[in-house]
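Colleague: Sequence and predicted structure below; questions after.
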Amino acid sequence: MPQSHKSLHRLYEPDAYNTQRLPDSYWAHSVGPLPDSQTLPMDGNLKTDITVIGGGYTGLSNALKLAEAGHSVMVLDAGRPGWGASGRNGGFCCMGGSIHSLHDLASQFGDDASRQFARHQLASIDLASNRIADWDADVDQHSDGEMVLAHKPGRVKSLHEEARELAHYAGVQSTFYSAEALIEQGMKANGIAGGLHVKAGFGLHPFKYLAALQKACLKAGVQIFEQAEVTAISETATGIALTANNCRIDARQAVIATNGYSAENMPQWLAGRLLPVISGILVTRPLTEGEQADQGWQSDMMAYDTRILLHYFRKLPDGRFMFGGRGGLSASPDGQAKARKALIDEFHTMFPAWRDVDITHHWNGLVCLSQSYRPFIGRVDGYQRLWASLAYHGNGVALASYAGEMLAGLMTGSLTHADIGPVMTVPPKKFPFPGLRRQYRWLAYAAYGLRDTFA
């Protein structure tokens, strides 16, 4: 029977997977008291209906939905809930999930499938919004939609194309702003040639949202174990057997919800299908009103630019400024130091008036790409009772929450593959020459940098 066991194979250096402590992030420092988790008994033997591997947005959303349907559910996290991408991201609760445009997805799967995927994206935003309201959760919510900024004049045309595409496939209205109009709106950044206000989504404190989700899971009876790294998975005649900390857990079904922090061989099916990429974030001290005026950025609108190696940023409710970007190549201490310097240089280039403003926090995380550049929700090939949901391409706050719920529906039979659609249920293949993914990503980044500058 299918089996994965023992030595975990991962793509990056060990520092990327240090589960003993939370990242040195602004989110971790400002989240407040976190819900308690349990620890597994050593050499024990536990049973449950469903075991979920990964305590982020996907895993906890899946667990919550299954528990509400009457199943006993156990969540295992190698660190603690929020340790991974769910506690490290930029807090953009917005549309997205695939690197492909809605038009490109329509070319591959048809207009109806692309529209269905767009509906799922909008429903995922609504799900997060409704949860926050229902739980009366203080997650520092702000921003009416998001602004897509053309980082040079040649990219303005693409904003108008995106506006037509959003209207056609998603029914989402958007408004174009010239560079001058952006300045009037309090959004002045160096080199920006125009912007498209997409009227869907909002910003939030990602760790506070995660903590609220964890509390809801505990209230529903979900058992959550931290420092519980799974080192073996095997399918038995009646279910799935897992090993974590020398404790055996027997379940009728199990879920892989580890996203960019997945081990290549847990299970072996994952090998070569995912490409985690490093994304870094910095946060400044609170900016005074005068400092905001000096730069000309006073808006609390969340924004990102049209670079392939994009920048994403927003002013936080307490006046701090968050700035993130792709491009780090190594998770080693030296690699992280180089990535930090590069990110600070890019921040100062876009916002030169804040060159002398103290940066209080910097951290990295892994964004999960799949070979198909699409999310995947479904059964793991070769197994009858093992499922997975992953690969949100940097837009997991909303979509991971929704995908976890959809996977629960698929597992219990309340949803079918047709309800989810082919965009998210067709499994990714392996990357070409998967053992060289990090090496040819370096070449890709060099090419993307040239395209962002000159094309």
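Modeller: In hand now; what should we look at?

Colleague: Tell me both backbone torsions, phi and psi, for the residue in the chain sticking out farthest from the centre.
Modeller: Distance from the C-alpha centroid of the chain peaks at residue 237, with 34.5 Å (Cα atoms, centre = their mean). Residue 237 adopts backbone torsions of phi -70, psi -20, taken as degrees, to the nearest 10.

Colleague: next one: residue 195
Modeller: phi -150, psi 150.

Colleague: quick one: pLDDT of it?
Modeller: What the model reports as pLDDT for residue 195 is 98.

Colleague: now residue 236
Modeller: pLDDT recorded at residue 236 is 95.

Colleague: before we move on, what about residue 45?
Modeller: pLDDT for residue 45: 95.

Colleague: can you pull the contacts of it?
Modeller: Residue 45 makes contacts with 247-250, as judged by Cβ atoms under 8 Å, 6 or more residues apart in numbering. For every residue, glycine as well, the C-beta is placed using N, CA and C.

Colleague: just residue 397 next, same as before
Modeller: When contacts are counted by Cβ under 8 Å, 6+ apart, residue 397 touches 57, 89, 91-94, 128, 204, 206, 209.

Colleague: Residue 234 belongs to a strand?
Modeller: Yes. According to DSSP: H, G, I helix; E, B strand; the rest coil, residue 234 belongs to a strand.

Colleague: Is residue 283 within a helix or a strand, and which one?
Modeller: Secondary structure assigned from DSSP states H and E places residue 283 in strand 274-284.

Colleague: elements contacting that strand?
Modeller: Judged by 3 or more Cβ pairs under 8 Å, 6 or more residues apart in numbering; DSSP states H and E, the packing partners of strand 274-284 are strand 321-328, helix 333-350, strand 359-370, helix 437-454.

Colleague: List just the nearest of the contacts of residue 45 to residue 218.
Modeller: residue 249 (18.5 Å; Cβ to Cβ).

Colleague: thought the closest one was touching residue 72?
Modeller: No. Under the criterion of Cβ atoms under 8 Å, residue 249 makes no contact with residue 72, lying 11.6 Å away.

Colleague: In terms of neighbours, single out the busier of the two.
Modeller: The neighbour comparison of residue 249 against residue 72 (other Cβ atoms under 10 Å) goes to residue 249, with 24 against 16.

Colleague: Can you tell me how far the more buried one is from residue 315?
Modeller: According to Cβ to Cβ, to the nearest Å, residue 249 and residue 315 sit 44 Å apart.

Colleague: Equivalent analysis for residue 344, please.
Modeller: According to Cβ to Cβ, residue 344 and residue 315 sit 18 Å apart.

Colleague: same thing with residue 372?
Modeller: Residue 372 is 35 Å from residue 315, where distance means Cβ to Cβ.

Colleague: So which of the two has more stuff around it?
Modeller: Per other Cβ under 10 Å, whichever of residue 372 and residue 315 has more neighbours is residue 315, with 25 against 19.

Colleague: dump the residue contacts of the more buried one.
Modeller: By Cβ under 8 Å, 6+ apart, the contact list for residue 315 reads 287, 292, 297-300, 321-322.

Colleague: redo that, cut-off 7 Å
Modeller: 297, 299-300, 321 (Cβ atoms under 7 Å, 6 or more residues apart in numbering).

Colleague: Could you tell me how many residues sit around the residue lying closest to residue 455 once chain neighbours are set aside?
Modeller: Among residues not flanking residue 455 along the chain, residue 154 sits closest, at 7.3 Å (Cβ to Cβ, 6 or more residues apart in numbering). Neighbour count of residue 154, defined by other Cβ under 10 Å: 12.

Colleague: next one: the one 5 residues further on
Modeller: Here the number of neighbours of residue 159 (other Cβ under 10 Å) works out to 20.
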